[in-house]
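K.L.:
just a sequence and a predicted model for now, questions to come.
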Amino acid sequence: MNKPVPLLCACLLAMGSWGTMPLSHAQPAPATAADGAVAPALQSAVDGSWRTPANSARDAYRHPAQTLAFFQLQPQHTVVEITPGGGWYAEILAPYLREGGQYVAAVVDPQALPAGGGRDYQQRSGDGLARKFAAAPAQFDRAQTVAYDPAAPILGAPGSADRVLTFRNVHNWRANGQAEGMFRAFFEVLKPGGTLGVVEHRAKADVPADDKSGYVGQAQVIAMAEAAGFRLDADSEINANPRDTTDHPNGVWTLPPSNNHDAADAEKYRAIGESDRMTLRFIKPAG
């Protein structure tokens, strides 16, 4: 058994409560031909017995195999995942990339934050990710972690990554005035011709800068990426959910998995499922 690689910093941005609501209402969206076939090795990583059962239970909403195939992920790639939270996608990506590629978890450095609750929260959360990696060396011993300052993010050596992936994070950066810097950092760390993959809660239209719903307009996300130098290569409806009206009393956190709603409304929101999401693939131009 290989010795686990020490983490540069164990910290992350955990979002919400990963519940285990029954999935009887989930209707997985089929991948279209344009989304690309799921390679057997990728499907094996998604089906891995090491995955947390509560995480696997969300596959019907999050379609990880189809999503990663749409992002044209290959096992030899260097992949930087931005703020991986509790490791939902890390459980798939790190084992898939372990032999021929490299998984890098880019996490918020708590020392970059002012002393107080925010810094303490990031440290506690990071400790949890470190424990997750250390407890399963067969999956995570070659995973790397890079800590970044959200006010001035550096995610690795320039031009070192084949893929940068981010799942349901853009609304946080936008709310904190950090989105412009984050997209520039994505562009900087990617190789020419590399891919940025974005999944985000989708508003029905553009939302104001001070919006607190957790949703973002698809055109707004595209504009952020293009301003950083990216070119939109394709979009997919893999993670679409037409049942989501996006007008919930507690924003996106009303829905599973956060389920921030009255107990009497549990069935209503279980029937909706997780949020409607855009899935966007951007390219860093080679020239």
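P.N.:
Here it is on my side, so go on.
K.L.:
scan the chain for its longest helix.
P.N.:
The longest helix of the chain (DSSP state H) is helix 117-135.
K.L.:
in the host helix or strand of Asn55, which residues are buried?
P.N.:
Following DSSP states H and E, the helix or strand that holds Asn55 is helix 53-56. For helix 53-56, burial by neighbour count (16 or more other C-beta atoms under 10 Å) applies to Asn55, Ser56. Quick note: C-beta positions are derived from backbone N, CA and C, even for glycine.
K.L.:
and it, C-alpha only, in CSV?
P.N.:
C-alpha atoms of helix 53-56 as CSV (Å, rounded to 0.1, in the frame of the first residue of the first chain):
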residue,chain,number,x,y,z
PRO,A,53,-23.7,5.7,-0.1
ALA,A,54,-25.3,9.1,0.5
ASN,A,55,-23.2,10.5,-2.4
SER,A,56,-24.0,7.7,-4.8
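K.L.:
buried sites along whatever helix or strand comes next after it?
P.N.:
Downstream of helix 53-56, the next assigned helix or strand under DSSP H and E is helix 59-62. By neighbour count with 16+ other C-beta under 10 Å, helix 59-62 contains the buried residues Asp59, Ala60, Tyr61, Arg62.
K.L.:
relative to Ala264, which of the residues you listed is nearest.
P.N.:
Ala264 lies nearest to Tyr61 out of those, by C-beta to C-beta, at 22.7 Å.
K.L.:
chain center to the host helix or strand of Leu68: distance?
P.N.:
Assigned by DSSP H and E, Leu68 belongs to helix 64-70. Averaged C-alpha coordinates place helix 64-70 at 12 Å from its chain's average position (C-alpha atoms, centre = their mean, to the nearest Å).
K.L.:
just checking, what packs against it?
P.N.:
If contacts are counted by 3 or more C-beta pairs under 8 Å, 6 or more residues apart in numbering; DSSP states H and E, helix 64-70 sits against helix 40-46, helix 90-97, strand 190-201, strand 231-236, strand 277-283.
K.L.:
go through these and pick out the most buried.
P.N.:
Per residue and on average, the most neighbours among the helices and strands packed on helix 64-70 fall to helix 90-97, with a mean of 25 (mean count of other C-beta atoms under 10 Å).
K.L.:
hmm, who's touching that one?
P.N.:
41-42, 45-46, 48, 50-52, 55, 64, 68, 73, 75, 77-79, 81, 84, 103, 105, 129, 132-133, 139-140, 142-143, 165 (C-beta atoms under 8 Å, 6 or more residues apart in numbering).
K.L.:
please pull out the lowest mean pLDDT helix or strand from the protein.
P.N.:
Least confident element among the helices and strands of the chain, by mean pLDDT, DSSP states H and E: helix 117-135 (a mean of 88).
K.L.:
what's the first helix or strand after that one?
P.N.:
helix 137-140.
K.L.:
which non-adjacent residue is nearest Thr195?
P.N.:
Spatial nearest neighbour of Thr195, excluding adjacent residues (C-beta to C-beta, 6 or more residues apart in numbering): Arg163 at 5.2 Å.
K.L.:
number of nearby residues for the spatially closest residue to Ala209 that is not a sequence neighbour?
P.N.:
In this structure, Ala209 finds its nearest non-sequential neighbour in Arg174, 7.2 Å apart by C-beta to C-beta, 6+ apart. Neighbourhood size, Arg174 [other C-beta atoms under 10 Å]: 21.
K.L.:
now swap in Pro153 and tell me
P.N.:
23.
K.L.:
check the secondary structure at it for me.
P.N.:
Judged by DSSP: H, G, I helix; E, B strand; the rest coil, the three-state class of Pro153 is coil.
K.L.:
OK, contacts around it?
P.N.:
So Pro153 contacts Ala106, Gln178, Gly181, Met182, Ala185 (C-beta under 8 Å, 6+ apart).
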